[in-house]
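Enquirer: structure for this input, please:
(chains A and B)
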Amino acid sequence: MQKLDKAKALYLTFASLLVVGVIVWNLGVRGGHVEPVASDACVACHLDAQIITGLYIPPETAGGGGG
Amino acid sequence: MEGIEKFLVRADFLETEHGRLGCIACHGGENITDREQAHAGMTVMPSSSTEGVCAECHGEITETYATAIHYTVQGMANFFDNFVHPGVLEEEDSGFKVAFDNNCYKCHATCGSCHVSRPVAYGGGLHSQHQFTSTPPMGETCFGCHGARNAGEYMGVIGYTRDIHFQQGMHCKDCHPVSNFHGTGEVEQTMWEVDLPGCTDCHGEMLTANSPIEAHREHPADLMNCQVCHASANNNCFECHATLQPDGSVAGVAEAMRVMFKIGLNPEPTPERPYRYITLRHIPTLIDTFSTLAGELPNFHEFSNWKYSPTHNIQRVTMQNESCNSCHGNEFIFLREQDIRENDSEASKDLVVRQIPAPLP
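Expert: Purely as a prediction, here's the structure:
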């Protein structure tokens, strides 16, 4: 009984280390530590032409300047 | 401009490398359907710092961009160091610093001002419905900041002709290497020390003794820049006054703009630009341009109002190269004593051509 538990604990430890490792490795491939953040509320408006048109009040327009 | 031209995001953006991160990963804000609450604490410009989110995956580019002149606008900063005194922009109570921070700095470019949105100075908003475009659309981005001169002249919006390369479908980046935008990692002090392109990069040396074109044979390569014969009239501004606006911004308003063509003497030939004759453009700085915010410019008279201009409206045949004597003996296209205005600087006189090339028989 004791022995089995020890093996189980070892297995669980290594299994979870592997999971953490894979996650870290994946972050490395992505190149940074920015993580995706749920943004469905932003998407709900910004992908809808009617909503955007409806909410928008145009300002005075500026021309191209500079050198 | 309509709201959808500025704030609508295309659906397939969400499937891209960037879109998958979710809006909030870059812009902050809250995932709430109430408009005001959702936008609370949001970052409008996620790429405004080279240490921000872009650095996570594009570290090589953000690293060199930190010292690129598009990011630092160091050339404009040096204008004040030269005209006033070195370090003037570090002085908290300086009116010149107010002018720089609230006017010049507006032209500072973020990654997004080329790749994602129109520059603030051109109305802002997304240029391609939030697609991160590899090649910035010239008419929306470069033109947004360079429209009054280079890009406007190139596209034929200003002046009398477009550029032959524009007619051939060429983009700015077909001549300008990407280091002109992303920098090299060296601090760039002026745009003239950047690795700018040269006409001979593509055309080879044209002014040679065995050229089939007589005008190319008759003049040595270091006598004048190609634009003396191949560019045409450009945009010149006169008499700029900076004024503080009610909203705290600083507006610089030129009293006059004139499309004209002037050839002058090169005040300081260098190995890169050894020419004796160069094409010019007038800049509108006056001794009292900043006098409502700060004092006069102490070193005003040391710098010419007429500047070297590699004008971007190249054509094969121009008003001045049509025949030898369209140029030889044509005093109107050279900078003359009477072209120097009363409120131009003393140094402007060094560029006057006192003896124009004589008419040929």
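
Enquirer: residues near the residue in the stretch 101-250 of chain B positioned nearest to chain A, how many?
Expert: The minimum distance from the stretch 101-250 of chain B to chain A, using Cβ to the nearest Cβ, falls at B:Gly147 (2.5 Å). All C-beta atoms are positioned from the backbone trio N, CA, C, and that covers glycine. A count of nearby residues for B:Gly147, using other Cβ atoms under 10 Å in any protein chain shown, gives 25.

Enquirer: point out where the chain drops to low pLDDT.
Expert: Using chain A. The model of chain A has pLDDT under 70 over residues A:1-4, A:18-32, A:59-67.

Enquirer: quick one, strands of chain B?
Expert: Counting by DSSP state E, the segments of chain B that form strands are B:234-244, B:250-260, B:263-265, B:277-282, B:306-308.

Enquirer: between those strands, which one is closest to B:Cys202.
Expert: strand B:277-282 (19.3 Å; Cβ to Cβ).

Enquirer: return the most buried member of the strands of chain B.
Expert: Among the strands of chain B, the stretch with the highest mean neighbour count (mean count of other Cβ atoms under 10 Å in any protein chain shown) is strand B:277-282, at a mean of 24.

Enquirer: for the residue lying closest to B:Ile24 once chain neighbours are set aside, helix, strand, or coil?
Expert: Nearest residue to B:Ile24, sequence neighbours excluded (Cβ to Cβ, 6 or more residues apart in numbering or on different chains): A:Val37, at 4.1 Å. Recorded secondary structure, A:Val37: coil (DSSP: H, G, I helix; E, B strand; the rest coil).

Enquirer: what is the burial count for A:Val37?
Expert: A:Val37 is flanked by 16 other residues according to other Cβ under 10 Å.

Enquirer: hmm, it is touching B:His27, no?
Expert: No: A:Val37 lies out of contact with B:His27 (Cβ atoms under 8 Å); the separation is 9.6 Å.

Enquirer: could you show which parts of the stretch 51-200 of chain B are in contact with chain A?
Expert: Contact residues, the stretch 51-200 of chain B versus chain A (Cβ under 8 Å from any Cβ of the partner chain): B:53, B:55-57, B:59, B:107, B:121-123, B:143-152.

Enquirer: how near is the most centrally placed residue in chain B to B:Leu196?
Expert: For chain B, the residue nearest the mean C-alpha position is B:His146 (5.0 Å; Cα atoms, centre = their mean). As defined by Cβ to Cβ, to the nearest Å, B:His146 lies at a distance of 14 Å from B:Leu196.

Enquirer: then B:Val44?
Expert: For B:Val44, the distance to B:Leu196 - Cβ to Cβ - is 32 Å.

Enquirer: equivalent analysis for B:Ile32, please.
Expert: Counting by Cβ to Cβ, the gap from B:Ile32 to B:Leu196 is 48 Å.

Enquirer: next one: B:Arg20
Expert: Counting by Cβ to Cβ, the separation of B:Arg20 from B:Leu196 is 38 Å.

Enquirer: hmm, back to that, wait, the residue nearest to the centre of chain B touches B:Glu153, no?
Expert: No: judged on Cβ under 8 Å, B:His146 makes no contact with B:Glu153 at a distance of 9.2 Å.

Enquirer: residues in contact with B:Lys106?
Expert: Residues in contact with B:Lys106 (Cβ atoms under 8 Å, 6 or more residues apart in numbering or on different chains) are B:120-121.

Enquirer: returning to that earlier point: which one of B:Arg20 and B:Leu196 has more residues nearby?
Expert: Each of B:Arg20 and B:Leu196 has its neighbours counted (other Cβ under 10 Å); B:Leu196 has more, 16 against 12.

Enquirer: name the nearest residue to that one, ignoring sequence neighbours.
Expert: What sits nearest to B:Leu196 in space, not counting adjacent residues and going by Cβ to Cβ, 6+ apart, is B:Asn180, at 6.8 Å.
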